[in-house]
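Participant: below are the sequence and a predicted model; questions follow.
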There are 4 protein chains.
Amino acid sequence: MRIAVIQGSARNGGNTEELTRLVLEGIPYTNIVLREKEIKPIRDQRHDEGGFDPVDDDYDDLILQVLEHDILIFATPVYWYGASGLMKNFIDRWSQSLRDVRFNFKEQMAAKTAYAVVVGGDNPRIKALPLIQQLQYTFDFVGLPFSGYVIGKGSKPGEVLKDARAVRDAATLNAELRKAEPVAVNRS
Amino acid sequence: MRIAVIQGSARNGGNTEELTRLVLEGIPYTNIVLREKEIKPIRDQRHDEGGFDPVDDDYDDLILQVLEHDILIFATPVYWYGASGLMKNFIDRWSQSLRDVRFNFKEQMAAKTAYAVVVGGDNPRIKALPLIQQLQYTFDFVGLPFSGYVIGKGSKPGEVLKDARAVRDAATLNAELRKAEPVAVNRS
Amino acid sequence: MRIAVIQGSARNGGNTEELTRLVLEGIPYTNIVLREKEIKPIRDQRHDEGGFDPVDDDYDDLILQVLEHDILIFATPVYWYGASGLMKNFIDRWSQSLRDVRFNFKEQMAAKTAYAVVVGGDNPRIKALPLIQQLQYTFDFVGLPFSGYVIGKGSKPGEVLKDARAVRDAATLNAELRKAEPVAVNRS
Amino acid sequence: MRIAVIQGSARNGGNTEELTRLVLEGIPYTNIVLREKEIKPIRDQRHDEGGFDPVDDDYDDLILQVLEHDILIFATPVYWYGASGLMKNFIDRWSQSLRDVRFNFKEQMAAKTAYAVVVGGDNPRIKALPLIQQLQYTFDFVGLPFSGYVIGKGSKPGEVLKDARAVRDAATLNAELRKAEPVAVNRS
């Protein structure tokens, strides 16, 4: 199985990345770091006669890369009780992929499986639950099974590593992913 | 009272704008259209020694404009069960304003009142509830009272105008806003 | 269409009953007042060899009565952010009806339509949303379409009648129900 | 610290009890089994001149027993996406305790800490989230800190013991409770 992390963190080495690192320890995976790419907000042309115009940014390349994987790990800090704007813009653009004639987006997504890793500073095991519910609705829409999530608590650098429950949950997810016999994806 | 709409819609004349138009009919207000501005995703420098670097985009101007108003109407389409990425990036940047020494962001926000206008295509009166809960948590964080919300259903252009309940709710909110004696804000 | 109110209020003439009264004004309906009946908590015998034993209370009579109707209006005060225990016990017993050989409970429920009327004292338009989500999951389980809900705010007697939005929403639902050409059900 | 389990399961040895047993393994605690007691639905007399009449059932004895403990573990199956009716009736009656002149209910509850153990058959890590949110609101109302929850998946007898994540979470909570130096409460 080919694993991709879709990393929505807005800083290098932040808590979300730390927890994601634990989840993937010793496992080959593709790391898609959204903040290193340019993803424009969707321009809603669903109802335009000609459909969506091509957009001059990195989304198209990223989504093609995502589609090459079997297990998708959506990693995002809990910013203002939701996914980061980086992650949100990426997901918003799926509306464009749903109309992309080069592939059947729903069909391809439905053949994968998704996990979420979210880290927040303000009582995330309660206040990130709306975010988890949104991810469920989102994955349901494209038929992508939502196989599990890890919630971590942390704000200052490194703090999530002191959240014993999150660390333990990360280790369990790590074991689960290892069972999926992960292999690296080499991009030409 | 000075009213501002913070418009997160990603297309001109879409359902969210149509419903917002009904809410504000005959009322002077400032229309802040996020898609016409550039708002970069937050670069999380909360824990950097020097704090946030200045960002070369429109956020700073927009937040100063927002702060001049007493009633804030957050209008957003329900994209993938959350606020649009445009709106999310705008709110994410509040983390920067919280550390801005020119003003006390929480104190100023706490003196205002907020409403939300959200329009979605997929059963929004149920599936937009996590979004409403997130807005509540968000407004709670800065002490901003959340005085009401209108949920509309619509996908194709103009469809929300056939959602009798949304149209009626918009009319009621319109009456409520008129009572607040809205006045225009002139920017030099 | 035959309309039944399933009334979960725990006092006579309380706010939930007041708001329900507005919803049904001028409309024939069957009023099933749970507090006037005895409904024991479910004794979970789903996994017992012989299945559920008959229970000596009013549930069986009530569910047969419910099944005679086409539109079900679940009216409940928001007690501790959920349905009243009266309502909860009634719904819990559906697990028994699912195994009742006299009828196909899911099939019959799926042919009806449901509404909810809920009244709470503590910011119900936000804090009753988990209850609305539970009702959605519950109705989904039996295939019962959830066609709308009215949330009212009130604690002291009569207070909900001062909640202009709830009163208006009740009037709209009243108009919607009238269009369904309601007829009375006479029980022998 | 004195620990009480408030057990809302509706069958002996069901999954909720199994998971609770793991949580409390080797720890002295008081087991309050709601189904073995009679707890009538609340009769809402908050607004009656004379307040609440005494009720002839086991609630009064139970709440006095609960108040003798420092750590409260609310264990409930997820029935129809909420707490069992047994648990709900017990919590609904808190409205009566809030007006009980023999003690300051809020003050006493605020000095304790709460955990929840919930087990459901239908995707509980998503569909029990509204229940978790309700518990948070409920505990917030009386100032009771909500220190953690364990969600298990199970329907058939013993099934939750195959839910590796739940078993692991139970072990972690067990370790956390042991650190609180639990002592037995002897009732005369």
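Facilitator: Looks like it arrived, so ask away.
Participant: my guess is A:S155 contacts A:K162, does it?
Facilitator: No: between A:S155 and A:K162 there is no contact, the gap being 11.2 Å when judged by Cβ atoms under 8 Å. Every C-beta, even on glycine, is put in place using the N, C-alpha and C of the backbone.
Participant: okay, buried residues for the strand or helix carrying A:A114 please.
Facilitator: Using DSSP states H and E, A:A114 falls within strand A:113-120. By 16 or more other Cβ atoms under 10 Å in any protein chain shown, the buried positions in strand A:113-120 come out as A:113-120.
Participant: just checking, what packs against the helix or strand following that strand?
Facilitator: Sequence-wise, the next helix or strand downstream of strand A:113-120 (DSSP H and E) is helix A:124-127. When contacts are defined as 3 or more Cβ pairs under 8 Å, 6 or more residues apart in numbering or on different chains; DSSP states H and E, helix A:124-127 sits against strand A:146-153, helix D:129-142, strand D:146-153.
Participant: in a markdown table, list those along with distance to chain B, mean neighbour count and mean pLDDT.
Facilitator: Listed next are the helices and strands packed on helix A:124-127 as a markdown table, based on distance: least, Cβ to the nearest Cβ, whole Å; neighbours: other Cβ atoms under 10 Å in any protein chain shown; pLDDT from 0 to 100:
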| stretch | distance to chain B | mean neighbour count | mean pLDDT |
| --- | --- | --- | --- |
| strand A:146-153 | 13 | 22 | 97 |
| helix D:129-142 | 8 | 22 | 97 |
| strand D:146-153 | 15 | 22 | 97 |
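Participant: to chain C, which of these lies closest?
Facilitator: Among these, helix D:129-142 comes nearest to chain C, with 3.6 Å by Cβ to the nearest Cβ.
Participant: helices or strands up against that closest one?
Facilitator: With contacts defined as 3+ Cβ pairs under 8 Å, 6+ apart, the packing partners of helix D:129-142 are helix A:124-127, helix A:129-142, helix C:129-142, helix D:105-110, strand D:113-120, strand D:146-153.
Participant: residues in contact with it?
Facilitator: A:126, A:129, A:132-133, B:133, C:80-82, C:122, C:127, C:129-131, C:133-134, C:137, D:74, D:76, D:78, D:81-83, D:91, D:94, D:98, D:105-106, D:109-110, D:114, D:116, D:118, D:145-146, D:149, D:151 (Cβ atoms under 8 Å, 6 or more residues apart in numbering or on different chains).
Participant: which parts of chain A sit against chain D?
Facilitator: A:125-126, A:129, A:132-133, A:136, A:146, A:148-149, A:164-165, A:168-169, A:172 (Cβ under 8 Å from any Cβ of the partner chain).
Participant: residue ranges of the strands in chain A, please?
Facilitator: Along chain A, the segments classed as strands by DSSP state E run A:3-7, A:30-33, A:71-77, A:113-120, A:146-153.
Participant: TSV for those strands, including distance to B:A4?
Facilitator: Formatted as TSV, those follow (distance: least, Cβ to Cβ, whole Å):
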stretch	distance to B:A4
strand A:3-7	34
strand A:30-33	35
strand A:71-77	28
strand A:113-120	28
strand A:146-153	34
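Participant: quick one: A:Q136 from A:Q7, how far?
Facilitator: Look at A:Q136 and A:Q7: by Cβ to Cβ, to the nearest Å, they are 20 Å apart.
Participant: switch the helices and strands packed on helix A:124-127 over to TSV; also include distance to B:E181.
Facilitator: Listed next are those as TSV, based on distance: least, Cβ to Cβ, whole Å:
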stretch	distance to B:E181
strand A:146-153	44
helix D:129-142	35
strand D:146-153	42
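Participant: quick one, the longest helix seen in chain A and strand A:71-77 angle?
Facilitator: Taking DSSP state H as the criterion, chain A has its longest helix at helix A:164-179. Relative orientation of helix A:164-179 versus strand A:71-77 (axes from the mean of the first three to the mean of the last three Cα atoms, to 10 degrees): 160 degrees.
Participant: what sits against the spatially most central residue of chain A?
Facilitator: With distances taken as Cα atoms, centre = their mean, A:F74 lies nearest the centre of chain A, 2.0 Å away. The contact partners of A:F74, taken as Cβ under 8 Å, 6+ apart, are A:6, A:8, A:83, A:87, A:114-117, A:135.
Participant: just the pLDDT at it, thanks.
Facilitator: pLDDT for A:F74: 98.
Participant: repeat for A:A111
Facilitator: pLDDT, A:A111: 98.
Participant: give the contact list for it.
Facilitator: A:D70.
Participant: ditto for A:S155
Facilitator: So A:S155 contacts A:15, A:121, B:46 (Cβ under 8 Å, 6+ apart).
Participant: most neighbours out of those residues, which is it?
Facilitator: The member of the contacts of A:S155 that has the most neighbours, counting by other Cβ atoms under 10 Å in any protein chain shown, is A:N15 with 27 neighbours.
Participant: any idea how far A:V150 is from it?
Facilitator: Separation of A:N15 from A:V150 (Cβ to Cβ) stands at 12 Å.
Participant: check A:P77 too.
Facilitator: 13 Å.
Participant: quick one: common contacting residues for the two?
Facilitator: Listed as contacting both A:P77 and A:V150 by Cβ under 8 Å, 6+ apart are A:V118.
Participant: can you give me the end-to-end span of stretch A:32-46?
Facilitator: Start to finish, the residues bounding stretch A:32-46 are 27 Å apart (Cα to Cα, to the nearest Å).
Participant: just the buried residues of it, please?
Facilitator: A:32, A:34-35, A:39, A:41-46.
Participant: so what's the spatially closest residue to A:Y149 that is not a sequence neighbour bridging to?
Facilitator: Distance criterion Cβ to Cβ, 6 or more residues apart in numbering or on different chains; nearest residue to A:Y149, sequence neighbours excluded, is A:A116 at 4.0 Å. Per DSSP bridges, the residues bridged to A:A116 are A:F74, A:Y149.
Participant: state the pLDDT value of the nearest residue to A:V55 once chain neighbours are set aside.
Facilitator: Nearest-residue entry for A:V55: A:K40, 5.8 Å, with adjacent residues in sequence omitted and distances by Cβ to Cβ, 6+ apart. Per-residue confidence (pLDDT) for A:K40: 95.
Participant: look up how far A:V33 lies from the residue with the largest distance to the centre of chain A.
Facilitator: What lies farthest from the middle of chain A is A:E49; by Cα atoms, centre = their mean that is 31.2 Å. A:E49 sits 36 Å away from A:V33, taking Cβ to Cβ as the criterion.
Participant: around chain B, pick out the residues from chain A.
Facilitator: Residues of chain A found near chain B (Cβ under 8 Å from any Cβ) are A:9-11, A:14, A:35, A:41-45, A:47, A:77, A:79-86, A:88-89, A:91-92, A:94-95, A:122, A:127, A:129-131, A:133-134, A:137-138, A:141, A:155-157.
Participant: on that earlier part again, widest-spaced pair of the buried residues of stretch A:32-46?
Facilitator: With Cβ to Cβ as the measure, no two of the buried residues of stretch A:32-46 lie farther apart than A:R35 and A:R46, at 26.9 Å.
Participant: list the contacts of A:T113.
Facilitator: A:70-72, A:144-145, A:147.
Participant: A:R93 too?
Facilitator: Residues near A:R93 by Cβ under 8 Å, 6+ apart: A:39, A:42, A:59, A:63.
Participant: now do A:R43
Facilitator: A:R43 neighbours (Cβ under 8 Å, 6+ apart): A:52-53, A:55, B:10-11, B:35.
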